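Enquirer: Just a sequence and a predicted model for now, questions to come.
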Amino acid sequence: IKESFDVVKGDQVDSYLLFSNPHEYGKSIDVRFTPIRVTCMNTLAMVIKGSAVNGMKVNHRKAFDPQIVKETMGIAHEKFEQYKEVAKFLSKKRFDAQSLIQYYNEVFPRTYKGKKNVEVKSVEDLAINARKAYELLDTQAGAEFGKGSWWSAFNSVTYFTDHEMGRNADSRLSSSWFGANQTRKVKALEKAVEFAL
């Protein structure tokens, strides 16, 4: 969309529209706003703060009208401004060790070990995927930007889901844009904001 901003100096986020056409009966063309962090190519296809429509679907039974899509996607600029505000806020807020552990537990919950309830107090108590995201905190691409901030914690989750989680690149991409990991990344952003407040 030819819009970008730096969260912190050198950590650029660009604005894109994700356009997908499944070519499958009963499925629609899907167009949605997607900010991408340039340093690591983390994506986030989402509605920010639960507001307004994030994208649109166009049924295959109707003629595709690019003008309607353009008008509907006029929200992309507004969404990008909201995302910019949230990203800059997170980059200025520092986490402490205990709140960081609780953050990963909220994003990748672990409630049971066998048949026993687990009280998560340390990194060792976290679920496997939560530990993996935690371990990426200092090694993910772009880790040097916003070190110790909730922006960095959030990006360790998006990096893990976009680049490491899943069986292969195709399943990872599908889940990151349209499936469970898209939902997980939205939750990760919401939780990062909650913990940062």
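Expert: On my side now, so go ahead. Numbers count the residues shown, from 1 in each chain.
Enquirer: How is F33 assigned, secondary-structure-wise?
Expert: Following DSSP: H, G, I helix; E, B strand; the rest coil, F33 is assigned to strand.
Enquirer: go on, the one 3 residues further on?
Expert: Following three-state DSSP, the label given to I36 is strand.
Enquirer: does it really touch Y16, like I thought?
Expert: Yes - at 5.7 Å, I36 and Y16 qualify as touching, with contact defined as Cβ atoms under 8 Å. (Each C-beta comes from the backbone N, C-alpha and C, glycine too.)
Enquirer: And the pLDDT at A180?
Expert: Per-residue pLDDT puts A180 at 86.
Enquirer: tell me which residues of stretch 179-188 are tucked away?
Expert: Buried residues in stretch 179-188, counted by 16 or more other Cβ atoms under 10 Å: N181, Q182, R184, K185, V186, K187, A188.
Enquirer: Among the residues you listed, which are located in helices?
Expert: N181, Q182, R184, K185, V186, K187, A188 (DSSP state H).
Enquirer: Can I get those residues in a markdown table including distance to R94?
Expert: Putting these into a markdown table (distance: Cβ to Cβ, whole Å) gives the following:
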| residue | distance to R94 |
| --- | --- |
| N181 | 26 |
| Q182 | 27 |
| R184 | 23 |
| K185 | 22 |
| V186 | 23 |
| K187 | 21 |
| A188 | 17 |
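Enquirer: so which of these would you say is closest to L44?
Expert: Ranked by distance to L44 (Cβ to Cβ), those are led by K185 at 5.5 Å.
Enquirer: wait, what's in contact with the closest one?
Expert: The contact partners of K185, taken as Cβ atoms under 8 Å, 6 or more residues apart in numbering, are L44, M46, V157, T158, T161, S176.
Enquirer: Go ahead and confirm C40 touches Q140.
Expert: Yes - taking Cβ under 8 Å as the definition, C40 is a contact partner of Q140 at 6.3 Å.
Enquirer: between those two, who's got more neighbours?
Expert: When C40 and Q140 are compared on other Cβ atoms under 10 Å, the one with more neighbours turns out to be Q140, at 22 against 18.
Enquirer: sec struct for that one, please.
Expert: coil.
Enquirer: Surely it and S156 touch.
Expert: Yes - counting by Cβ under 8 Å, Q140 touches S156, with 5.4 Å between them.
Enquirer: Check the spacing between L18 and E81 real quick.
Expert: From L18 across to E81, the span is 18 Å (Cβ to Cβ, to the nearest Å).
Enquirer: ok, now S152?
Expert: Relative to E81, and taking Cβ to Cβ, S152 is found at 22 Å.
Enquirer: more neighbours, the two?
Expert: S152 (26 against 14).
Enquirer: Which other helices and strands does the helix or strand harbouring that one contact?
Expert: Using DSSP states H and E, S152 maps to helix 150-163. If you count contacts as 3 or more Cβ pairs under 8 Å, 6 or more residues apart in numbering; DSSP states H and E, helix 150-163 packs onto strand 42-43, helix 75-92, helix 97-107, helix 128-135, helix 169-178, helix 180-196.
Enquirer: repeat that with 10 Å
Expert: On a contact count with 3 or more Cβ pairs under 10 Å, 6 or more residues apart in numbering; DSSP states H and E, helix 150-163 meets strand 29-37, strand 42-43, helix 75-92, helix 97-107, helix 128-135, helix 169-178, helix 180-196.
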